[in-house]
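Asker: Structure for the following, please:
(one chain, ligands or ions: 1)
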Amino acid sequence: MISLENLSKFYRVDGREIPALKRIDLNIAAGEIFGVIGHSGAGKSTLIRLINLLERPTGGRVLIDDVDLTELTSDQLRKSRQKIGMIFQHFNLLMSKTVAQNVAFPLQVAGELDKAAIATRVAELLDLVGLTDHANKYPAQLSGGQKQRVGIARALANNPKLLLCDEATSALDPQTTASVLQLLLEINQKLKLTIVLITHEMNVIRSICDRVAVIDGGEIVETGPVTQVFLHPQHPTTRRFVYESEHIDESDEADDFAHVPGKIVRLTYKGEATYQSHLSALAREYEIDFSILAGRIERIKDTPCGQLTLGLTGLNTKAMLARLADEGIVIEELRA
Ligand SMILES: Nc1ncnc2c1ncn2[C@@H]1O[C@H](COP(=O)(O)OP(=O)(O)OP(=O)(O)O)[C@@H](O)[C@H]1O
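Answerer: Model (predicted):
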C-alpha cells in the first residue's frame with residue numbers, strides 16, 4: 001500500500017544541509033500495523049511526516065496505492081490527505097471546542113454541511129472510542145488517555161485507509177498506553193485500517209505491530225516481522241533496544257557464564273512449542289545434564305515465544321540439539 005522509494009530528506013540550517021533521512025526504501029502492506037523505532041534524532045518524525053507530505057522529500061518517491069504523492073497538485077494532495085488520518089504525541093486538540101466539535105471539525109473541513117449527518121457520524125466515532133459520555137466536555141476536562149481517544153476519533157472521521165501515529169502513547173502512563181494500543185489494535189481489525197506508528201519504546205512495537213523497521217542516523221538498519229526482530233536482533237541498535245526492554249546485559253551474561261561447564265546454547269521457541277516439555281524428555285533420552293542460565297517467556301502481539309539459555313554436558317549434546325531443531329526450535333550455539 002505504501003512504498004517509499006529512495007527517499008531522502010535534508011534540512012537546510014544556516015546554509016548547511018543537515019541529513020535527516022538517507023535513501024530509505026520501505027514497503028508497507030495494506031492492513032498491517034507497521035512500527036518504526038529509533039532513538040531521539042534518528043529521523044522517525046521526519047519519516048512519518050513524509051508519508052503524508054507534511055514534509056516534502058529532498059529526493060525519492062512516496063507512493064500510496066501506486067499514486068506518487070510528490071507529483072500531485074495541492075488540490076489533489078488535499079483530497080489524498082483526507083484518506084490519511086494522523087494522531088500526535090500531544091494530541092493537538094482544539095482547546096476551545098468540545099469533544100464532539102473536535103471530532104466534527106475534519107468532516108466540516110472536508111465539505112460535509114448536513115448537520116444531522118455530522119451528528120450521526122460523530123456519535124458513531126465517539127462510541128467506537130468509548131467517549132459517548134464525554135461528548136460535551138472540553139479537552140482540558142479530560143485525562144491524557146481520553147484526549148488521545150478524541151484524537152483517534154477525529155483522525156478516523158473521514159474514513160481514512162491509513163492512520164499515522166506520531167509517538168501517540170509517549171505522553172501516557174503504562175496502563176493508559178496499553179488501553180490506547182488495544183484500541184488501535186481493535187480499529188485495525190474492525191476497520192481493516194493500515195497503521196504506521198513511530199515510537200522509541202520497544203513495548204509499543206511488541207504489543208501491537210506486525211512488522212518493524214529500526215531507524216538509526218537517518219537509515220533503516222533492520223526490518224522484519226516483530227517476532228523475528230525481537231528474538232534474533234542483528235544490528236547493534238536493534239540489539240540495544242531489545243536487551244534494554246528485556247533488562248538483559250549482554251556483557252554481564254558473558255561474565256556470569258564463564259564458569260559454567262560444557263556447551264552453552266540458546267533455544268528459541270515460537271507458538272505452541274513454547275509450552276511443551278520436550279527438553280527434559282530429550283535430556284533423559286540422550287543422557288544430558290542441563291542447567292538453565294537464563295530464560296523468558298512472553299507474548300509478541302498474539303504469538304507466545306520463549307528463549308532459554310542452557311549449559312549442556314554429556315556425550316550426546318549434538319544429537320539432542322538436532323532433535324530439538326527438527327521440532328522447529330531455533331538453536332544458537334553461544335559457546336561450543
Ligand atoms: N525542521 C527542521 N529543521 C532542521 N533540522 C531538523 C528539522 N526537523 C528535524 N531536524 C533534524 O533532523 C534529524 C531527524 O529529526 P527527527 O525529528 O525526524 O527525529 P526523531 O527520530 O523523530 O527524533 P525525536 O524522537 O527526538 O522526535 C535530527 O538531526 C533533527 O535535528
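Asker: mind checking how far the residue in the stretch 51-200 of the chain that the ligand sits nearest to is from Asp114?
Answerer: The ligand sits closest to His200 of the stretch 51-200 of the chain, with a gap of 5.8 Å, by CB to the nearest ligand atom. Where you see a C-beta, it was placed from the backbone N, CA and C, and this is true even at glycine. His200 is 42 Å from Asp114, where distance means CB to CB, to the nearest Å.
Asker: Which one's more surrounded, those two?
Answerer: Higher neighbour count among His200 and Asp114: His200, with 14 against 10, using other CB atoms under 10 Å.
Asker: can I assume that one is in contact with Gly41?
Answerer: No. Using CB atoms under 8 Å, His200 is not in contact with Gly41, being 10.3 Å away.
Asker: re the thing from before, pull the contacting residues for the residue of the stretch 51-200 of the chain closest to the ligand.
Answerer: With contact set as CB atoms under 8 Å, 6 or more residues apart in numbering, His200 has these partners: Ile37, Gly38, His39, Ser40, Lys44, Glu167, Ser170.
Asker: now, which of the residues you listed lie close to the ligand?
Answerer: With CB under 6 Å from any ligand atom as the criterion, the contacts of His200 include Gly38, Ser40, Lys44 near the ligand.
Asker: Just send these back as JSON lines, with distance to Asp249, pLDDT and secondary structure too.
Answerer: As requested, the ones next to the ligand among the contacts of His200 are arranged in JSON lines below (distance: CB to CB, whole Å; pLDDT from 0 to 100; DSSP: H, G, I helix; E, B strand; the rest coil):
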{"residue": "Gly38", "distance to Asp249": "22", "pLDDT": "95", "secondary structure": "coil"}
{"residue": "Ser40", "distance to Asp249": "22", "pLDDT": "92", "secondary structure": "coil"}
{"residue": "Lys44", "distance to Asp249": "26", "pLDDT": "94", "secondary structure": "helix"}
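Asker: any idea of the pLDDT on the residue nearest in space to the middle of the chain?
Answerer: Note on the chain: the residue nearest the mean C-alpha position is Gly35, at 2.8 Å, using CA atoms, centre = their mean. As predicted, Gly35 sits at a pLDDT of 97.
Asker: Equivalent analysis for Arg211, please.
Answerer: As predicted, Arg211 sits at a pLDDT of 97.
Asker: repeat for His259
Answerer: Here the pLDDT value assigned to His259 is 81.
Asker: From the ligand, how far out is it?
Answerer: 42 Å (CB to the nearest ligand atom, to the nearest Å).
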